[in-house]
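1. got a sequence here, can you model it:
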Amino acid sequence: MIHQTKPARRRLSQHAAKLLGGASLMLLAGTALAQGTSQNAQTDTVDDNGGFFEQALQYAHDNTYYRVGVLHLSYEGDSSPLRIDNANGLAAQPFGVGSSELEGTGSSVGDKTTLGGTIGMYIPKTGRHLAAEITLAPPLKLDFEVSGRAINESIAPETQSGIPTGVPALGRKIGTLKALPPNLTIIYRPWVDTMFQPYIGAGAMYLYTFDTDVTNEVLNAYGNEPTLNLSKPVACVGQIGMDVNLSEKLFVTADVKYVGCAEVEAKVNNVVVEAPALSPTVGPVNVGSVSSTNDFKAVLYQLSMGFRF
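-> Residues are numbered from 1 along each chain as shown. Got it, this is the predicted structure:
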């Protein structure tokens with residue numbers, strides 16, 4: 001049986017999402033407050049000219065930096081075996097009645113290289129040792145794949161009684177998905193006045209996916225239009241990198257992020273497979289849905305050119 005997402009993991013995702021929102025509000029409030037206290041007494045309140053917000057905008061302008069470069073996602077996770085969720089009728093002949101796991105199989109996503117960018121802001125009253133960063137990228141079009149023996153072997157080579165089915169192997173690619181995984185991290189720089197500025201950080205990433213499409217020929221053989229559904233948890237992020245200053249305003253950055261502690265539930269619905277050896281008798285086999293639980297782990301490598309005001 002496939003393990004369901006543990007309650008502790010769900011609570012971690014919920015708390016992480018709340019912390020993200022709270023951290024953002026605190027950062028904005030702290031930015032405005034720090035800038036305001038460095039001015040004269042009249043900035044204790046917001047004047048009719050909007051001085052409070054003007055000061056916040058000025059602080060953001062003076063303490064924000066940007067990076068643009070190349071981002072590579074390397075997927076390192078694994079998954080539970082593929083599971084037939086509720087086989088009945090004709091599907092029970094090759095898979096058995098009810099739920100069953102297909103040992104030696106799994107699911108995954110492909111690697112991707114794309115453009116990526118970062119917006120960072122130094123946190124007030126930390127001497128630029130602490131900063132908040134948001135890493136952004138265009139929507140990533142990723143391949144959703146099976147792994148293990150499902151690539152080259154039939155997932156149902158014969159019925160329970162030993163009769164060959166003729167069900168073909170799936171091949172590696174099941175379909176595609178688009179991911180837009182924004183992440184927020186808080187980073188610490190031990191040295192801020194040197195040419196080489198290493199840093200470490202931690203934060204969270206929202207694993208947001210959309211526009212899924214099942215393109216596998218075996219699964220689309222009968223025009224049944226199968227669908228791919230993915231859960232959208234919040235993952236933890238660990239970060240390490242280094243800025244190398246080229247001038248007062250320009251720098252280059254090498255950055256590595258590890259993304260983990262999240263489980264993604266994947267399910268392909270409306271699965272109908274061809275069984276040529278049985279077709280004269282039973283025709284296509286309506287399997288229903290196939291699912292797996294992915295232990296999401298990925299490494300993001302980024303090489304960028306940066307600019308600060």
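2. looking at stretch 164-183 now, give me its mean pLDDT.
-> For stretch 164-183, mean pLDDT rounds to 88.
3. cool, and stretch 124-142?
-> Rounded mean pLDDT across stretch 124-142 is 95.
4. quick check: buried residues in it?
-> The neighbour-count check on stretch 124-142 (16 or more other CB atoms under 10 Å) flags Pro124, Leu130, Ala131, Ala132, Glu133, Thr135, Ala137, Leu140, Leu142 as buried. Quick note: C-beta positions are derived from backbone N, CA and C, even for glycine.
5. under the pLDDT cut-off, which ranges of the stretch 151-300 of the chain? List them.
-> Scanning the stretch 151-300 of the chain for pLDDT under 70 picks out 160, 278-283.
6. okay, now Met205: neighbour count?
-> 25 (other CB atoms under 10 Å).
7. excluding chain neighbours, what is closest to it?
-> Spatially, and ignoring its direct neighbours in sequence, Met205 is nearest to Asn183 (3.6 Å; CB to CB, 6 or more residues apart in numbering).
8. the one you found is in contact with Tyr206, isn't it?
-> Yes - with contact defined as CB atoms under 8 Å, Asn183 counts as touching Tyr206 (7.5 Å).
9. what about these two, which has more around it?
-> Neighbours were counted for Asn183 and for Tyr206 using other CB under 10 Å; Asn183 has more, 24 against 18.
10. so that one bridges to which residues?
-> Counting by DSSP bridges, Asn183 forms beta bridges with Thr135, Met205.
11. so who does it touch?
-> Asn183 sits next to Ile134, Thr135, Gly203, Ala204, Met205, Tyr206, Val237, Lys257, Val259 when contact means CB atoms under 8 Å, 6 or more residues apart in numbering.
12. quick one: it and Leu246, what's the gap?
-> Per CB to CB, to the nearest Å, Asn183 is found 26 Å from Leu246.
13. now swap in Thr215 and tell me
-> Remark: distance between Thr215 and Leu246 (CB to CB) = 44 Å.
14. Ile174 too?
-> Taking CB to CB, one finds Ile174 at 45 Å from Leu246.
15. just say helix, strand or coil for Ala60.
-> Secondary structure, DSSP: H, G, I helix; E, B strand; the rest coil: Ala60 is helix.
16. ok, Phe53 next?
-> helix.
17. next, count neighbours for Val70.
-> Neighbouring residues of Val70 were enumerated by other CB under 10 Å; the total is 12.
18. skipping adjacent residues, who's closest to it in space?
-> Val70 sits nearest to Leu303 (CB to CB, 6+ apart), 5.3 Å away.
19. burial count for that neighbour?
-> 15.
20. and the closest residue to Asp78 other than its chain neighbours, bridged to which residues?
-> Nearest non-adjacent residue to Asp78, counting by CB to CB, 6+ apart: Asp295, 5.5 Å away. Asp295 has the following beta-bridge partners by DSSP bridges: Asp78, Glu263.
21. next, count neighbours for Asp295.
-> The number of residues packed near Asp295 is 15, by other CB under 10 Å.
22. repeat for the one 5 residues further on
-> Other residues lying near Leu300 total 21 when counted by other CB under 10 Å.
23. what's the nearest residue to it if we skip its chain neighbours?
-> Sequence neighbours aside, Lys257 is the residue nearest to Leu300 in space, at 4.2 Å (criterion: CB to CB, 6+ apart).
24. secondary structure element holding that neighbour?
-> Secondary structure from DSSP states H and E places Lys257 in strand 250-273.
25. name the residue closest to the centre of this protein, please.
-> Leu207 (3.6 Å; CA atoms, centre = their mean).
26. you'd agree that one is up against Cys236?
-> No - using CB under 8 Å, Leu207 is not in contact with Cys236, being 11.1 Å away.
27. which neighbours do these two share?
-> Ala262.
28. ok, back up a step: touching, the residue nearest to Asp78 and Gly77? I think so.
-> Yes - Asp295 is within contact range of Gly77, at 5.2 Å (criterion: CB under 8 Å).
29. so what's the closest residue to Phe307 other than its chain neighbours up against?
-> For Phe307, ignoring the flanking residues on the chain, the nearest one in space by CB to CB, 6+ apart is Tyr66 at 5.3 Å. By CB under 8 Å, 6+ apart, Tyr66 lies in contact with Gly117, Thr118, Ile119, Gly120, Gly306, Phe307, Arg308.
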